[in-house]
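K.L.:
Structural data only, the sequence is not supplied:
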């Protein structure tokens, strides 16, 4: 069972089976994560295909110094999605689930480990943000998109992205102070 | 046996060499092996059957078609696959591109279907992984498998394979045998080889040729049986006859029993060598 | 940080069915980027996976369409024919480079002494013959290494020869035509290569009914070169082979041979091994 780094190297050499294995391993979770950004299944499917084609063509440019393979693949996937959305002028409709209907797991906020943010209070602070502010923060901080790309993903002007991110960060600082 | 391929009085001369002189044979479904030393006429025969060489004289009927007639010949080409001895390649192509090119020449005009077919044969010979690799980067064994793959395009009814296992390692040779066995169940396969183990494992019928003539035509078991009572093993080096040193350091002799030798179980190779060595005095001890 | 904490099935199930709050979702997603074990616990939809892969494989497997192919297809040539035509010059990049080199040399030679009556000679001699050289190379044993394999296919012989001849003509003719403006003479004069070129190609096709292409093509090349040279030597007029009377001869010959080739179009390249 080869690890992802080896598979990427093999794919860079033109070994199709290596790409296939990567696809079997990673397409499911990438698809899941993309669906949270875009409710249109067809666009997500197409983004997945574009992603693996892009991986096929640029596997040679991956190096372990660029982070984990999975994380690298996600950056490709989310950009493919953005690219498709730009083409279609779609609007992001959000996760589709209003905050009130979702059950926060009992006592789990402290258990949940935030990788980039390690503070339990921060999780609460995030929850307190309005969906739009949180979405802007997620797109730029978590997904690593540029302001321009986040604008396309969220279907809002770039200026709005910037102001929302600023306001989100300000709110977080307030709450944590 | 239903006859799918037949040659009658086949003759071919190249300058002073006459590989085929009035050869007549019938072949049917299943796997038939052609054994014989170089110059026995195997390749010439296979080339005539594959329609790439015109004989000087004689009739050839392939799958009911008379290949002397141009249109029937083209039709025959639609239904056969050929793996020549020492196949050449356009090294700048990738494996996929070469098969695609040949598939077009085999009149597969619909691209979807053609690409599907190319992938199918690549998978059959275990080269799916190398579809986009340039041929010049493929090893000899891989190129041989690629050549076999092109013969399989279009699921031909007749497969003509000239020394197909050259360059394959033992594991690949086993996979090849499994593949050919399966194909032989539903079509006619003619293969020529130097490897007697291939014949023993694979062929329902084996024909041994020497100097353009058939010196044996039967089953592999029959070929082996032809050496019954004529194979000897001794620790001492014999003085005459057809013998050689085995890997265990013993001496194996065919034909007349040398002094102090014990009888040994015949193998198909013994049978083959005896069939070729017509000048040996074949007397049972 | 993923060492101790993993996503439990309940959380995962809610994430998958979009019933999980956004904040926890975010942390799950970040975790999945780093944790193979949790990634593997995601439900696998095999049907979706195969469909997705089939579409990907289809695109990476197929050879990219070259510029030539795309142009041909836009001109209405069927896809498989375009592929064959485009693949042929690829078989001999050496030929393409050779032709380009020779034509460049011819232009240089013409400009070397533009006033000289025979300044155009290198061009006029080389241009008609270049398609033929291309065909000869395509059939040369070293280049056509796969000859034996190809010979057993239904399209082998006539059709393949026509495709290859077509391919080299389609490549060489524009090259020669493109060179014309660079020559120090009016087009009326420099186009004198066209008729001999056509005559030579049709002659090669016609000969192929009897003689193998790999013999016929070089034969004609040599015959042309000798003929042009001899005509110049014996009559003192080196441009004689390109004067209007000669052009008429070429034109008529080409036309007659073209008819012959058309009538025999299924019997070409019969002189090969088969």
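P.N.:
Structure's in. What do you need? From a predicted model like this one, the values you see are computed outputs, not experimental measurements. Residues are numbered from 1 along each chain as shown, chains lettered A, B, ... in the order given.
K.L.:
what about residue C:79, how many residues close to it?
P.N.:
Using other Cβ atoms under 10 Å in any protein chain shown, the number of residues around residue C:79 comes to 16. For every residue, glycine as well, the C-beta is placed using N, CA and C.
K.L.:
what does residue A:3 give?
P.N.:
Residue A:3: 9 surrounding residues under other Cβ under 10 Å.
K.L.:
now the residue lying closest to residue B:277 once chain neighbours are set aside: how far from chain A?
P.N.:
Nearest non-adjacent residue to residue B:277, counting by Cβ to Cβ, 6 or more residues apart in numbering or on different chains: residue B:242, 5.6 Å away. Per Cβ to the nearest Cβ, to the nearest Å, residue B:242 is found 49 Å from chain A.
K.L.:
Tell me the pLDDT of the most centrally placed residue in chain A.
P.N.:
Central residue of chain A (Cα atoms, centre = their mean): residue A:143, 4.0 Å from the mean position. Note for residue A:143: predicted pLDDT of 79.
K.L.:
quick one, helices of chain B?
P.N.:
B:42-49, B:70-78, B:95-105, B:111-124, B:140-152, B:170-184, B:196-202, B:220-225, B:268-276 (DSSP state H).
K.L.:
export those to TSV and tack on distance to residue A:82 and mean neighbour count?
P.N.:
Formatted as TSV, the helices of chain B follow (distance: least, Cβ to Cβ, whole Å; neighbours: other Cβ atoms under 10 Å in any protein chain shown):
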stretch	distance to residue A:82	mean neighbour count
helix B:42-49	59	24
helix B:70-78	50	19
helix B:95-105	32	24
helix B:111-124	31	18
helix B:140-152	40	22
helix B:170-184	46	15
helix B:196-202	57	21
helix B:220-225	65	19
helix B:268-276	67	23
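K.L.:
Mean pLDDT and distance to residue C:184 for those helices - can I get that in CSV?
P.N.:
Listed next are these as CSV, based on pLDDT from 0 to 100; distance: least, Cβ to Cβ, whole Å:
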stretch, mean pLDDT, distance to residue C:184
helix B:42-49, 93, 54
helix B:70-78, 91, 51
helix B:95-105, 92, 43
helix B:111-124, 88, 48
helix B:140-152, 93, 51
helix B:170-184, 90, 63
helix B:196-202, 89, 68
helix B:220-225, 91, 76
helix B:268-276, 87, 73
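K.L.:
Same list (those) but as JSON lines, adding distance to residue B:18.
P.N.:
Below are the helices of chain B laid out as JSON lines (distance: least, Cβ to Cβ, whole Å):
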{"stretch": "helix B:42-49", "distance to residue B:18": "10"}
{"stretch": "helix B:70-78", "distance to residue B:18": "24"}
{"stretch": "helix B:95-105", "distance to residue B:18": "32"}
{"stretch": "helix B:111-124", "distance to residue B:18": "37"}
{"stretch": "helix B:140-152", "distance to residue B:18": "28"}
{"stretch": "helix B:170-184", "distance to residue B:18": "31"}
{"stretch": "helix B:196-202", "distance to residue B:18": "26"}
{"stretch": "helix B:220-225", "distance to residue B:18": "26"}
{"stretch": "helix B:268-276", "distance to residue B:18": "19"}
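K.L.:
So which of those is nearest residue C:153?
P.N.:
Using Cβ to Cβ as the measure, helix B:95-105 is the one of the helices of chain B that comes nearest residue C:153, at 3.9 Å.
K.L.:
Compute the inter-axis angle for the closest one and helix B:111-124.
P.N.:
Interaxial angle of helix B:95-105 relative to helix B:111-124 (axes from the mean of the first three to the mean of the last three Cα atoms, to 10 degrees): 130 degrees.
K.L.:
what about helix B:95-105 and chain C, touching?
P.N.:
Yes: judged by Cβ under 8 Å from any Cβ of the partner chain, helix B:95-105 and chain C are in contact via B:96, B:97, B:98, B:100, B:101, B:102, B:104, B:105.
K.L.:
what residues does chain A put near chain B?
P.N.:
Contacts of chain A with chain B, taken as Cβ under 8 Å from any Cβ, map to A:14, A:15, A:16, A:17, A:18.
K.L.:
and the residue nearest to the centre of chain A, how far is that from residue A:55?
P.N.:
The gap separating residue A:143 from residue A:55 is 17 Å, by Cβ to Cβ, to the nearest Å.
K.L.:
in chain A, which spans are helices?
P.N.:
Counting by DSSP H, chain A has helices at residues A:4-12, A:16-35, A:41-58, A:69-88, A:120-128, A:131-137, A:147-154, A:158-176.
K.L.:
Can you give me the neighbour number for residue A:37?
P.N.:
If you count neighbours by other Cβ under 10 Å, residue A:37 ends up with 23.
K.L.:
what residues are up against it?
P.N.:
For residue A:37, the contact set (Cβ atoms under 8 Å, 6 or more residues apart in numbering or on different chains) comprises A:78, A:81, A:92, A:143, A:153.
K.L.:
The fourth one contacts residue A:78, doesn't it?
P.N.:
Yes: here residue A:143 lies in contact with residue A:78, judged by Cβ atoms under 8 Å, at a distance of 5.0 Å.
K.L.:
What separation do you get for residue B:5 and residue A:9?
P.N.:
Applying Cβ to Cβ, the value for residue B:5 to residue A:9 is 48 Å.
K.L.:
tilt between the helix or strand of chain A with the lowest mean pLDDT and helix A:158-176?
P.N.:
One helix or strand of chain A scores below all others by mean pLDDT, DSSP states H and E: helix A:120-128, with a mean of 74. Between the axes of helix A:120-128 and helix A:158-176, defined by the same axes, to 10 degrees, the angle is 130 degrees.
K.L.:
Check which residues of helix A:120-128 are buried.
P.N.:
A:122, A:123, A:125, A:126, A:127 (16 or more other Cβ atoms under 10 Å in any protein chain shown).
K.L.:
repeat for stretch C:236-243
P.N.:
Going by neighbour count (16+ other Cβ under 10 Å), the buried part of stretch C:236-243 is C:238, C:239, C:241, C:242.
K.L.:
now, among those, which is nearest to residue C:60?
P.N.:
Closest approach between those and residue C:60, by Cβ to Cβ: residue C:242, at 51.8 Å.
K.L.:
can I assume the closest one is in contact with residue C:192?
P.N.:
Yes: counting by Cβ under 8 Å, residue C:242 touches residue C:192, with 4.2 Å between them.
K.L.:
shared neighbours of these two, anything?
P.N.:
Common contacts of residue C:242 and residue C:192 (Cβ under 8 Å, 6+ apart): residue C:124.
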